[in-house]
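Undergrad: sequence first, predicted model second:
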Amino acid sequence: MNTLRFGYLKVLFLILSLVCFSATATSQEHQSEGSSVLSDGKLTKKELAAAMLTAEKDLTSMLKASMSVVEEEVENSGIFGPGAWMVLKDRKLKKVRLDEAAESAPPSAKLQVFRASLRSLARHNKIDAALIVYPGTITKEGEKQRVVVVEHEHRLGISGLKLIPLELDEGDVSFGAAMSQEKSFQIFYDQKKKGA
């Protein structure tokens, strides 16, 4: 009889524990939903300004890091190759590294590897921003001009392309004023191909 009563007490204790813990978890869940920035589905002007400031800081830090590498490579060898940077969820800036096989690939293949890698990280919510740089040329007033092509995207809804003129004169590198263009998202918010 004592073992039967002890069994009932264990079951009763288990039920009471579950009820208490689930009530606590539910109340905490509702509190966090109500205090969320997007709890009402709208951003205030202050929240929007903070989000835009974050995006600007992320994109600026990636651009500075990438242009520093481009400048160093051009000063050393007269050319530069494609490169990519990302801002992780913890706001850390990181250069994307390729394995040996991809490192020896042609520049166009490297670009595809960078885009695919960044797209995968974005889909798995590992990064907030991405930037890819590669060499290009434009024709301006009938003359070909070297440019640094900069593709950048941010999870907060920013996507663009910059063409930055590049001059190399006796080992000194200089950059002209950037020409900005809009571009569609390729890393964040891309549409998965049907059947993929």
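TA: Done, it's in.

Undergrad: how about Ile164: which residues does it bridge to?
TA: Beta bridges link Ile164 to Val148, judged by DSSP bridges.

Undergrad: that one is in contact with Glu151, isn't it?
TA: No: judged on Cβ atoms under 8 Å, Ile164 makes no contact with Glu151 at a distance of 12.0 Å. Where you see a C-beta, it was placed from the backbone N, CA and C, and this is true even at glycine.

Undergrad: show me where this protein has its helices.
TA: 2-35, 45-77, 100-103, 107-123 (DSSP state H).

Undergrad: mean pLDDT lowest for which of these?
TA: Taking the mean pLDDT of each of the helices of the chain, the lowest value is held by helix 2-35, a mean of 45.

Undergrad: looking at the residue nearest the centre of the chain now. What's its pLDDT?
TA: Nearest residue to the geometric centre of the chain (Cα atoms, centre = their mean): Ala129, 2.2 Å. On pLDDT, Ala129 comes in at 96.

Undergrad: gap between it and Ser174?
TA: Noted for Ala129: a distance of 27 Å to Ser174, by Cβ to Cβ, to the nearest Å.

Undergrad: which non-adjacent residue is nearest Gly83?
TA: Take Gly83 and drop its neighbours on the chain: the residue closest to it by Cβ to Cβ, 6 or more residues apart in numbering is Val133, 5.2 Å away.

Undergrad: got a pLDDT number for the closest residue to Thr137 other than its chain neighbours?
TA: Once flanking residues are discounted, Thr137 sits nearest to Lys144: 5.1 Å by Cβ to Cβ, 6+ apart. At Lys144, the model reports a pLDDT of 94.

Undergrad: count of residues packed around the residue nearest to Lys95 when sequence neighbours are not counted?
TA: Spatial nearest neighbour of Lys95, excluding adjacent residues (Cβ to Cβ, 6+ apart): Trp85 at 5.5 Å. When neighbours are defined as other Cβ atoms under 10 Å, Trp85 has 25 of them.
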